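Chemist: Could you work out the structure for the sequence below:
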Amino acid sequence: MAIANFVSMKYLVIILSIAYLLLSQGCANPKKMVYFQKGEFDSIVESAELYQLKFRKGDFIQIIVSGASHEAVSMFNPVSASSTRQNFTGSYTSDNPQTEGYIVDSEGNINFPVLGKIEAAGKTKLELEELLVKELEGHIEMPVINIRLRNFKISVLGDVQKPGTFTISSERITLPEAIGIAGDLHITGKRKNVLVIREIDGKKEQHRIDLTNNEIFNSPVYYLQQNDVIYVEPNQAKLNTSKFSPIYSVLISVTSLLITVAVLITN
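Modeler: Residues are numbered from 1 along each chain as shown. As a prediction, the model looks like this:
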């Protein structure tokens, strides 16, 4: 009977050891999970009013011209294929029948009707609007320009709930907002080492962001730009689980068998 008790205790020790190893692999340090826990908010530079998105080569821009005379502005506005009005020659394109606009070409220009080539790359929305108003003043009485970027997309990949590429209807989105759109990080996602990849003038930049630190609000990638890619790396526990998942399955089966054997022996 003593031998049986010894054997059962031995099995219980093994079972508890295995359980401890499995649980320790899945445990997460709360200090690694909580967002914005380091730093003072009072020290954060308020940059929302200063941030202005700039147009890039390849951007798809919608431009609507208004003025005192409908006839005067008609030649400056894109015409859909279904319209009976005469179309114009230019870099006009459309991503759907309801949206017309201009592609910023490889030289950074748009080909605007009557005015010809207008430099757009590197300009903010306000700067391009002011330029077009100035150029159109000789053609239209009291011109008003409304511009929208129509191909603002970002990608959120890695250890998040809903990875994918998202079209942004506004022209301003922050890194936390983008993560929110993707459903937030899984509990196994590395919050202290989020990667943001940004392409500027054909060159890719990499920025590493610590979501647990308030300094994120002063980061150059806090406000995202067109085609930014956010990648969330899984932590080591998840990588181990993925790598050794067949072994874990076997361990669970063995553990169940040992529990059954221990119960039978003790009874």
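Chemist: What average pLDDT does the helix or strand in which residue 133 is found get?
Modeler: Element membership of residue 133, judged by DSSP states H and E, is helix 125-136. For helix 125-136, the mean pLDDT works out to 95.
Chemist: Ok, stretch 143-160 next?
Modeler: 94.
Chemist: May I see the buried residues of it?
Modeler: By neighbour count on 16 or more other C-beta atoms under 10 Å, the buried set for stretch 143-160 is 143, 145, 147-152, 154-156, 158-160. Where C-beta positions appear, they are placed from N, C-alpha and C, glycine not excepted.
Chemist: With stretch 214-227 instead?
Modeler: Under 16+ other C-beta under 10 Å, the buried positions of stretch 214-227 are 214, 216, 217, 219, 221, 222, 223, 224, 225, 226, 227.
Chemist: Stretch 201-217 too?
Modeler: Under 16+ other C-beta under 10 Å, the buried positions of stretch 201-217 are 207, 209, 210, 211, 212, 213, 214, 216, 217.
Chemist: Show only the entries of these found in strands.
Modeler: Judged by DSSP state E, strands contain the following of the buried residues of stretch 201-217: 207, 209.
Chemist: how about the buried residues of stretch 201-217 in TSV, adding distance to residue 124 and pLDDT?
Modeler: Compiled in TSV, those are given as follows (distance: C-beta to C-beta, whole Å; pLDDT from 0 to 100):
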residue	distance to residue 124	pLDDT
207	22	95
209	24	94
210	29	94
211	28	93
212	32	91
213	29	89
214	27	87
216	23	89
217	21	89
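Chemist: Would you mind checking which of the buried residues of stretch 201-217 is nearest to residue 172?
Modeler: Using C-beta to C-beta, residue 217 comes nearest to residue 172 of those, at 14.3 Å.
Chemist: quick one: that closest one from residue 136, how far?
Modeler: According to C-beta to C-beta, to the nearest Å, residue 217 and residue 136 sit 39 Å apart.
Chemist: circling back: so which of the buried residues of stretch 201-217 comes closest to residue 57?
Modeler: Nearest to residue 57 among the buried residues of stretch 201-217, with distances taken as C-beta to C-beta, is residue 207, at 21.4 Å.
Chemist: Hmm, the closest one is touching residue 195, no?
Modeler: Yes: counting by C-beta atoms under 8 Å, residue 195 is a contact partner of residue 207 at 7.3 Å.
Chemist: Break down the stretch 101-250 of the chain into its helices, ranges please.
Modeler: Assigned by DSSP state H, counting those that start in this stretch, the helices in the stretch 101-250 of the chain fall at 125-136, 175-181, 236-266.
Chemist: Could I get the full set of strands for the protein?
Modeler: 60-66, 92-96, 99-103, 109-112, 116-119, 144-149, 153-158, 164-167, 194-200, 203-209, 229-232.
Chemist: least reliable of the ones you listed going by mean pLDDT?
Modeler: strand 92-96 has the lowest average pLDDT among the strands of the chain, namely a mean of 42.
Chemist: So residue 66 sits against residue 76, correct?
Modeler: No: counting by C-beta under 8 Å, residue 66 does not reach residue 76; the two are 9.6 Å apart.
Chemist: Please say which of those two ends up with more neighbours.
Modeler: Legend: neighbour count by other C-beta atoms under 10 Å for residue 66 and residue 76, higher for residue 76 (22 against 14).
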